[in-house]
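Asks: here is a sequence together with a model predicted from it:
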Amino acid sequence: MSECALVKIGRHKKTAEEISYNTRIGSMIWELRKVKAVRAKDLAREVGVTPQQLCSYESGVAAISLFLLERMCDVLGVSIADLLQASSCNGFPRNRCARCLTRG
């Protein structure tokens with residue numbers, strides 16, 4: 001990997017792919033939260049993080065641990081597998097994917 005493909009965020013260098021991945025996952029969490037009408041402070045409290053940290057996850061600034069992702073998915077009523085699949089949808093608006101995840 002070339003040196004120009006790395007971006008320094010904080011003390012760690014992240015690849016463009018990693019940043020894109022974090023942003024897609026965070027975007028889907030935000031969309032699901034909006035579709036389910038769950039307030040940020042309520043989701044944050046349920047999973048044990050601050051609302052500011054949740055905002056960092058949703059914006060893609062911070063990477064979500066698998067443990068927290070699982071807790072968020074439980075609160076939002078979706079599986080991690082479905083969230084990951086929907087976060088990589090091409091050709092559909094993300095909010096449409098989020099609404100599809102909430103049907104059951």
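Replies: It's in. Residues are numbered from 1 along each chain as shown.

Asks: shaky segments in this protein?
Replies: Filtered on pLDDT under 70, the chain yields the residue ranges 1-12, 87-104.

Asks: element containing the residue nearest in space to the middle of it, please.
Replies: Centroid-nearest residue in the chain, with CA atoms, centre = their mean: residue 26, separated by 2.3 Å. Using DSSP states H and E, the element containing residue 26 is helix 16-35.

Asks: could you give the angle of the following helix or strand past that helix to helix 16-35?
Replies: Downstream of helix 16-35, the first helix or strand assigned by DSSP H and E is helix 40-47. Helix 40-47 and helix 16-35 are oriented at 110 degrees to each other (axes from the mean of the first three to the mean of the last three CA atoms, to 10 degrees).

Asks: sort out which residues of helix 40-47 are buried, please.
Replies: Buried residues in helix 40-47, defined by neighbour count with 16 or more other CB atoms under 10 Å: 43, 44, 47. Quick note: C-beta positions are derived from backbone N, CA and C, even for glycine.

Asks: now these in JSON lines, with distance to residue 71?
Replies: Shown next, in JSON lines, are these (distance: CB to CB, whole Å):
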{"residue": "43", "distance to residue 71": "9"}
{"residue": "44", "distance to residue 71": "11"}
{"residue": "47", "distance to residue 71": "4"}
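
Asks: for residue 66, state which of those is nearest.
Replies: Using CB to CB, residue 47 comes nearest to residue 66 of the buried residues of helix 40-47, at 12.6 Å.
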